[in-house]
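Novice: here is a sequence with its predicted model. Questions after.
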Amino acid sequence: MSMIQPVRGTRDFYPEDMAFRSWLHGKIRSVSEAFGYQEYDGPFLERLELYAAKSGEELVKEQAYVFKDRGGSEIALRPELTPSLARMVAQHGKAVLLPLRWWSFGPFWRYERTQKGRSREFFQWNIDLIGVDTPAADAEVVAVGASLLKAVGLTPELIRIKVNNRRLVESQLGNLGISGQMLGKTFQVIDRREKMDAAAWRAYASDQGLSETQLEGLEEMLGDLNAWKRSEELVSFFASTDALGVSEFVEYDPTIIRGLDYYTGTVYEARDVAGNHRAILGGGRYDDLVSAVGGDPISATGFAMGDVVFQLVLEESGALPEIRSNPANFFVTTFDDESTEESMRLATELRSAGFRTEWYPEAVRLPRQFKYADRQGIPFTLILGPEEIQNGTVAVKDMHTGEQENVAREELITYLERLL
RNA sequence: GUGCCUGUAGCUCAAUGGCAGAGCGCCUCACUGUGGAUGAGGAGGCUGCGGGUUCGAAACCCGUCAGGCACCCCA
């Protein structure tokens, strides 16, 4: 038993798993394209410097897979896509047609301890709208996210997209005398509010250097569900999500802050209402990132959604679709050695007519072939034995109802067309 | 990086320190021109690995590897 272990935090995609991944990719494609977004992708390998400036210390230093290539360059397996996108936009310079709407679905890597909802190799949907700094642009991107939730049968009772605005938070904290270096620490304090009980949280807050009055002000601030009305950006944002028909999914949440350093304005994340899981998607406005990687200043907004938590939430909600991993609709049995080639010709005939057809590659006992077709979930089985060959017919069995009919070979294609 | 828990058949799990088992799945047969249902039979194990304690270890101890969960961070 010295089987080689798979790399920790990776997943094997057996056909059923792959079918889910493809299904998700398809749903994502269809909602993204419904809003006119174009599919793109960046390289899986990037120079480490690309992330060093703006992604956040921990993500780069602790979690990125980094190695030196044979030329001595420090290379990272991409831990996220947004910096690549910013680089691609920056490199196109003035040639890009704005507003730019792009989406992508692909693999990412982060070296962290695996746990529920977190693997080291995962897939992400990224979607971004670049070149427009209006709150309506943020709202559109959020609406695409909400459209995916709808498209897979997740409701506002199950999932909410929680929204806040960094400029609002910074001005609120400014009023409490919190700015500069304390800002980052206070973000951490806010972020941890839901994970700790009240007493521990207060202790943690004062450890971080918040005064008693600042702490009181902070608590009041985090309890004020109407604070968004003082942010022109958020007022406009919520009016837009309303106009886009997704307001039931969207709500203001003063505790949302987001970890990545490059966010500048409105930020949001989707959470399951029951609170069993991590964020399903997260994103926001990042107006300085393109210039940070050397391009002209361009405003941008977008989010990423990981496949792992999304799948957990779908499983839990029962919204997971029945996915058949075998693509064939027809199964051709092989009766005996003499008729093997005739069966192959039949299968070929079906494929030429555009039917996805699987053929059993060995003349084993029929029960075994039927059992195989059944397990594979192929809906129709065709039998071509000596009798059928002599009569110029094919027996077609509906595996679901068990009904079987002898069909003349000339009429077969028309008959099968009617079955689908 | 820190802490807690768990490794037994393909899968899910049993087994007071005393013969390593069940259910599901798989294979065969009843039924050699028909899958699912039923019944009968069968295959499948270095109990993760290495050491120790013991007359005796799947069980207890140490180490190691792997997995799960939480913290950190984040999709």
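Specialist: Looks like it arrived, so ask away.
Novice: can you pull out the residues in contact with the host helix or strand of residue A:308?
Specialist: Using DSSP states H and E, residue A:308 maps to helix A:307-317. Contacts with helix A:307-317, where a contact means Cβ atoms under 8 Å, 6 or more residues apart in numbering, come from A:20-21, A:24, A:116-119, A:122-125, A:152-154, A:158-159, A:272, A:276-281, A:320. Bear in mind the C-beta positions are built from the backbone N, C-alpha and C, glycine included.
Novice: touching RNA strand B at all, the next helix or strand after that helix?
Specialist: Sequence-wise, the next helix or strand downstream of helix A:307-317 (DSSP H and E) is strand A:330-332. No - shown here: strand A:330-332 not in contact with RNA strand B (Cβ under 7 Å from any atom of the strand), separated by at least 10.5 Å.
Novice: C-terminal to strand A:330-332, what's the next element?
Specialist: Downstream of strand A:330-332 (by DSSP H and E), the next one is helix A:340-352.
Novice: any residue of that following helix touching RNA strand B?
Specialist: No - no part of helix A:340-352 sits near RNA strand B under the criterion Cβ under 7 Å from any atom of the strand; the closest distance found is 11.7 Å.
Novice: please spell out which residues along that helix are buried.
Specialist: Residues of helix A:340-352 classed as buried under the neighbour-count rule (16 or more other Cβ atoms under 10 Å) are A:340, A:342-343, A:346-347, A:349-350.
Novice: can you redo those as JSON lines with distance to residue A:15 and pLDDT?
Specialist: Putting the buried residues of helix A:340-352 into JSON lines (distance: Cβ to Cβ, whole Å; pLDDT from 0 to 100) gives the following:
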{"residue": "A:340", "distance to residue A:15": "26", "pLDDT": "93"}
{"residue": "A:342", "distance to residue A:15": "29", "pLDDT": "94"}
{"residue": "A:343", "distance to residue A:15": "24", "pLDDT": "95"}
{"residue": "A:346", "distance to residue A:15": "25", "pLDDT": "97"}
{"residue": "A:347", "distance to residue A:15": "21", "pLDDT": "96"}
{"residue": "A:349", "distance to residue A:15": "26", "pLDDT": "97"}
{"residue": "A:350", "distance to residue A:15": "22", "pLDDT": "97"}
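Novice: before we move on, the earlier item: for RNA strand B, tell me which of the contacts of helix A:307-317 show up nearby.
Specialist: Contacts with RNA strand B within the contacts of helix A:307-317, counted by Cβ under 7 Å from any atom of the strand: A:116-119, A:122, A:124, A:278-281.
Novice: for residue A:159, give me phi and psi.
Specialist: Here is the backbone geometry of residue A:159 (degrees, to the nearest 10): phi -130, psi 140.
Novice: wait, it touches residue A:280, no?
Specialist: Yes - between residue A:159 and residue A:280 a contact is recorded at 6.6 Å, counting by Cβ atoms under 8 Å.
Novice: hey, what's in contact with both of these two?
Specialist: A:270-272, A:313.
Novice: picking up where we left off before, so which of the contacts of helix A:307-317 sit within helices?
Specialist: Mapping those onto helices (DSSP state H) picks out A:20-21, A:24.
Novice: most neighbours out of these, which is it?
Specialist: When neighbours are counted by other Cβ atoms under 10 Å, residue A:24 leads the ones in helices among the contacts of helix A:307-317 with 21 neighbours.
Novice: which residue, other than its chain neighbours, is closest to that residue?
Specialist: Once flanking residues are discounted, residue A:24 sits nearest to residue A:307: 6.3 Å by Cβ to Cβ, 6 or more residues apart in numbering.
Novice: what about the one you found, how many neighbours?
Specialist: Here the number of neighbours of residue A:307 (other Cβ under 10 Å) works out to 21.
Novice: against residue A:166, how distant is it?
Specialist: Separation of residue A:307 from residue A:166 (Cβ to Cβ, to the nearest Å): 27 Å.
Novice: may I see the buried residues of the one helix or strand residue A:217 maps to?
Specialist: Using DSSP H and E, residue A:217 maps to helix A:212-223. By neighbour count on 16+ other Cβ under 10 Å, the buried set for helix A:212-223 is A:214-215, A:217-218, A:221-222.
Novice: likewise for stretch A:287-303?
Specialist: Across stretch A:287-303, burial judged by 16+ other Cβ under 10 Å covers A:287-290, A:292-293, A:295, A:298-303.
Novice: got the contact list for stretch A:384-401?
Specialist: Contacts to stretch A:384-401, defined as Cβ under 8 Å, 6+ apart, come from residues A:332-333, A:335-336, A:338-339, A:342-343, A:346, A:373-374, A:378-383, A:403-410, A:412, A:415-416, A:419.
Novice: buried residues, that stretch. List them.
Specialist: For stretch A:384-401, a neighbour-count test (16+ other Cβ under 10 Å) marks A:384-385, A:388-389, A:393-397, A:399 as buried.
Novice: check the offset of it from the chain's centre.
Specialist: Distance of stretch A:384-401 from the chain centroid (Cα atoms, centre = their mean, to the nearest Å) equals 45 Å.
Novice: so where's chain A shaky on pLDDT?
Specialist: Judged by pLDDT under 70, chain A has its weakly predicted residues at A:1-3, A:53-58.
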